[in-house]
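Q: have a look at this prediction, sequence included:
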Amino acid sequence: MTFLLGPALLFCPADRPDRYEKAAERADAVILDLEDSVAPERRAGAREALLAHPLDPARTVIRINPAQSADFRADLAAVGRSGYRMVMLPKVAGVRDLAGFGSLEIIALCETAAGIVAANHIAVHPNVVALMWGAEDLVASLGGTSSRFADGSYRQVARHARSVVLLAAGASGRAAVDAVHLDIADHDGLAAEAEDAAASGFAAVACIHPGQVHTIRAAFRPSEHEVAAARELLAAAEGGVFQFRGRMIDGPVLAQAAEVVRREGDPAR
């Protein structure tokens, strides 16, 4: 099971078909959103819009409404009438929410206390290809008021949830998608979070504005210096543990270097 989307996944309201093509041109993949960005009274029209204005299914995800919501069945039926094969399911609380999807691939959005606690079980479901986490719904589910401190950094509970989702995905051979950065003007904050996501093992970062795409792509693209250093290290590999420029090198360090070289050659980055 291979997740080929990313590194920048751009949300686009499904009730704005005039933005579909622009979003597809700007980002590595588009998430057409039937949930939070669409008012309930506009969702029926949004479902018709995504059918009338198709994008490339290989680069498009449909975020439907939660499994326990009033819109879930209609959303799933609309996807079934389309050529799209991947959905994002928000507020997944456990494996019971993942029933009835047939052959559809699912990005499971763990953004409640229940979803974070159940992340290990959610990740191994056969339809799940990736996990994503969300800070704002998580804190709301806990009765909190803010996921971040005044300086923009995440509170500990959000950082913990992020790590839980990344580890659950990695342990199950699934991809992990990092949460959106809501402060559109905070390019430095986004860059820092995206760089950490890339270094930590996230496959992609979701975003809410086209202006965030470049920052995310840059974070996942290794510098010329990093690529040169990685190639030099791999060329010097002797097998087993060896010393290179004052550092002890073993298999995991070589694997990290190989990943740097792989990203340098990935056209999506």
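A: Done, it's in. Numbers count the residues shown, from 1 in each chain.

Q: show me which helix runs longest in this protein.
A: helix 156-171 (DSSP state H).

Q: so what's Gly134 up against?
A: Neighbouring residues of Gly134 by CB atoms under 8 Å, 6 or more residues apart in numbering: 90, 109-111, 179-180. Placement of C-beta: from N, CA and C, glycine included.

Q: may I have the phi/psi pair for it?
A: In terms of degrees, to the nearest 10, the main-chain angles of Gly134 are phi -140, psi 130.

Q: over to Val128?
A: Main-chain dihedrals, Val128, degrees, to the nearest 10: phi -80, psi 130.

Q: now do it against Val38, distance only.
A: 24 Å (CB to CB, to the nearest Å).

Q: buried ones in the longest helix of the chain?
A: Buried residues in helix 156-171, counting neighbours by 16 or more other CB atoms under 10 Å, are found at 157-158, 161-162, 164-170.

Q: now stretch 45-54
A: For stretch 45-54, the neighbour count (16+ other CB under 10 Å) marks 46-47, 49-50 as buried.

Q: what about it, average pLDDT?
A: Averaging pLDDT along stretch 45-54 yields 98.

Q: residues in contact with that stretch?
A: Contacts of stretch 45-54 (CB under 8 Å, 6+ apart): 13-17, 20, 32, 34, 38, 62, 74-75, 78, 81-84.

Q: ok, 6 Å please
A: 14-15, 17, 20, 32, 34, 38, 78, 82 (CB atoms under 6 Å, 6 or more residues apart in numbering).

Q: now Ala44. Nearest residue, chain neighbours left out?
A: Ranked by CB to CB, 6 or more residues apart in numbering and with sequence neighbours excluded, the top spatial neighbour of Ala44 is Ala74, at 7.3 Å.
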